[in-house]
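Peer 1: dropping a prediction and its sequence here:
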Amino acid sequence: MGNRPDNIKNELAYFYKVIKNMDSYDDTKKSKIQKHEIPIEEVIYDEFSNTSDVDKQLFQTSLLGWIELIENESLHKALKSLSIEDQIFISYIVKECKTQQELASKYGINQSSVKNRFDKILRILKNLMSKK
């Protein structure tokens, strides 16, 4: 068995290294999601007297909450299949009504890069939705 990345020669050690890297990737992804999400229980308990409008509360308190309110099943699935970074990016545009210039400032890139990323996300969504 040849050398693996990080000069690991033992198969078991390599396996544990891969698992550790996968766990750290999952932890990073979860922390990004948690940074922008509020559990629905908090929304319900915070406004327990007015649970008739949980959708509105979810939309108002969470950057990504608007995605859960989409009734078109294929659009909802397509958006949920995007990476969390792309979901956050599109949420700034859809929910926060950020302009391309505002996003360029926020991300530290130029406006044309924002436009290219937005166009790429739209192409992905169109492609995913056409695969019904």
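Peer 2: Arrived safely, thanks for sending.

Peer 1: give me the below-cutoff pLDDT ranges for the chain.
Peer 2: For the chain, the stretches with pLDDT under 70 are 1-9, 30, 32-61, 132.

Peer 1: do a quick rundown of the strands in it.
Peer 2: Assigned by DSSP state E, the strands in the chain number zero.

Peer 1: in the longest helix seen in the chain, what's buried?
Peer 2: Looking across the chain with DSSP state H, the single longest helix is helix 11-36. Neighbour counts over helix 11-36 (16 or more other CB atoms under 10 Å) mark Tyr14 as buried. Every C-beta, even on glycine, is put in place using the N, C-alpha and C of the backbone.

Peer 1: chain neighbours aside, what residue packs nearest to Lys29?
Peer 2: Distances taken as CB to CB, 6 or more residues apart in numbering put Ile84 closest to Lys29, at 6.1 Å, once the chain neighbours are dropped.

Peer 1: separation between that neighbour and Ser112?
Peer 2: Separation of Ile84 from Ser112 (CB to CB, to the nearest Å) stands at 24 Å.

Peer 1: so which of these two has more stuff around it?
Peer 2: Counted by other CB atoms under 10 Å, Ile84 and Ser112 do not tie: Ile84 has more neighbours, with 17 against 10.

Peer 1: so that one sits against Ser31, correct?
Peer 2: No. With contacts counted by CB atoms under 8 Å, Ile84 stays clear of Ser31, the gap being 10.0 Å.
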